[in-house]
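# Any chance you can model this:
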Amino acid sequence: MAVTINCDMGESFGLYRMGDDAGIIPFIHVANVACGFHASDPDHMRATVRLARAHGVRVGAHPSLPDLQGFGRREMKMGRDELANALIYQIGALTGFLRAEGVELNHIKPHGSLYGMAARLEDAAHAVCDAADVFGVPILGMTGTLHETVYPARGHRFVAEFYADLDYRPDGSLIVSREHEAKDPALMAARCLRAITEGKGTAIDGSDIPVRCETICIHSDTPNAIDIARAVSAVVAPFTPERTA
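Residues are numbered from 1 along each chain as shown. Alright, predicted model coming up:
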């Protein structure tokens, strides 16, 4: 199976700029576009869809908890129905811009703390599926979590994700900080290659953890995201599909 490189994009808001989408997009296959609740706005959403279309990059929705000030990286207590409705609202907005640009919705990938909540809380995982039921696309997530058990059990295709620029705990869980630090591009590329070829990752204590890697995530708000994307793209090129543009 080909391994794609995905990136969280379209996360600017009004006059505030977050990440260099134009600089990173030549190195990726899939864009996870922010839908307005943790970042982005209508203008940035449409501009990001247009940018992806021009580069032959597939577009998925990157919905969040309603936490604009915290960039979606603070947990919130929301009931299953309330959370599902928030997701449908966001994904529906992006789908409108996709339709306007003649692009199909490729997948759903929950953002930030919502991603972590769905990994361990059944109500959150089912809320993601409730929204995915409406749109009928695959869901990106982490192996060894409720993503991998609940999503397929609900009839959704689960796409296993490996993070190029985040650290892992010895139990295999992600360490998600409010702000991402710069990483060594060569080391991140080597970790991605090992994840693909050996199915192993390296935890912060140096121990091995089992991983699956159908898609590799790079965050556009990592300070040296373009350098990481370039290094990862070069190393994993034998395993990745050709871009359509």
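
# roughly how far out does the longest helix seen in the chain sit from the chain middle?
Across the chain, the longest stretch assigned as helix under DSSP state H is helix 80-100. Relative to its chain's centre, helix 80-100 lies at 16 Å (C-alpha atoms, centre = their mean, to the nearest Å).

# Identify the residues contacting that helix?
Contacts to helix 80-100, defined as C-beta atoms under 8 Å, 6 or more residues apart in numbering, come from residues 33, 35-37, 42, 45-46, 49, 59, 61, 63-66, 78, 104-105, 108, 110, 114, 123-124, 126-128, 130-131, 134-135. Any C-beta I mention is one placed from the backbone N, CA and C, and that applies to glycine too.

# Are we agreed that residue 218 is in a helix?
No: assigned with DSSP: H, G, I helix; E, B strand; the rest coil, residue 218 falls outside any helix and is strand.

# Let me see the contact set for it.
5, 6, 7, 24, 28, 164, 165, 225, 228, 229, 232.

# Quick check: bridge partners of it?
The residues listed as beta-bridge partners of residue 218 by DSSP bridges are residue 7.

# Reformat the contacts of residue 218 as a markdown table; add distance to residue 72 and neighbour count.
Shown next, in a markdown table, are the contacts of residue 218 (distance: C-beta to C-beta, whole Å; neighbours: other C-beta atoms under 10 Å):
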| residue | distance to residue 72 | neighbour count |
| --- | --- | --- |
| 5 | 22 | 22 |
| 6 | 17 | 25 |
| 7 | 16 | 29 |
| 24 | 19 | 24 |
| 28 | 20 | 28 |
| 164 | 20 | 27 |
| 165 | 17 | 24 |
| 225 | 18 | 26 |
| 228 | 21 | 27 |
| 229 | 21 | 29 |
| 232 | 24 | 26 |
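
# How are the helices of the chain distributed by residue range?
21-24, 42-54, 80-100, 112-120, 122-135, 146-153, 185-198, 225-236.

# Where does the prediction get shaky in this structure?
Low-confidence segments of the chain (pLDDT under 70): 1, 243-245.

# Kindly reformat the contacts of residue 218 as a markdown table containing distance to residue 89.
Below are the contacts of residue 218 laid out as a markdown table (distance: C-beta to C-beta, whole Å):
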| residue | distance to residue 89 |
| --- | --- |
| 5 | 28 |
| 6 | 23 |
| 7 | 23 |
| 24 | 27 |
| 28 | 26 |
| 164 | 30 |
| 165 | 29 |
| 225 | 28 |
| 228 | 32 |
| 229 | 30 |
| 232 | 33 |
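
# can you tell me which of the residues you listed lies nearest to residue 197?
Distance to residue 197, by C-beta to C-beta, is smallest for residue 232 among these, at 13.8 Å.

# picking that back up, which of the contacts of helix 80-100 are buried?
Among the contacts of helix 80-100, those buried by neighbour count (16 or more other C-beta atoms under 10 Å) are 33, 35-37, 45-46, 49, 59, 61, 63-66, 78, 105, 108, 110, 114, 124, 126-128, 130-131, 135.

# mind checking how far residue 240 is from residue 186?
Applying C-beta to C-beta, to the nearest Å, the value for residue 240 to residue 186 is 18 Å.

# Tell me what the nearest residue to residue 194 once chain neighbours are set aside is bridged to.
Spatial nearest neighbour of residue 194, excluding adjacent residues (C-beta to C-beta, 6 or more residues apart in numbering): residue 200 at 5.8 Å. Beta bridges link residue 200 to residue 210, judged by DSSP bridges.

# residues near residue 200, how many?
In terms of burial, residue 200 registers 14 neighbours under the definition other C-beta atoms under 10 Å.

# wait, isn't it in contact with residue 211?
Yes: judged on C-beta atoms under 8 Å, residue 200 makes contact with residue 211 at a distance of 6.5 Å.

# coming back round to it: residues touching the residue nearest to residue 194, list them.
Residue 200 neighbours (C-beta under 8 Å, 6+ apart): 194, 208, 209, 210, 211.
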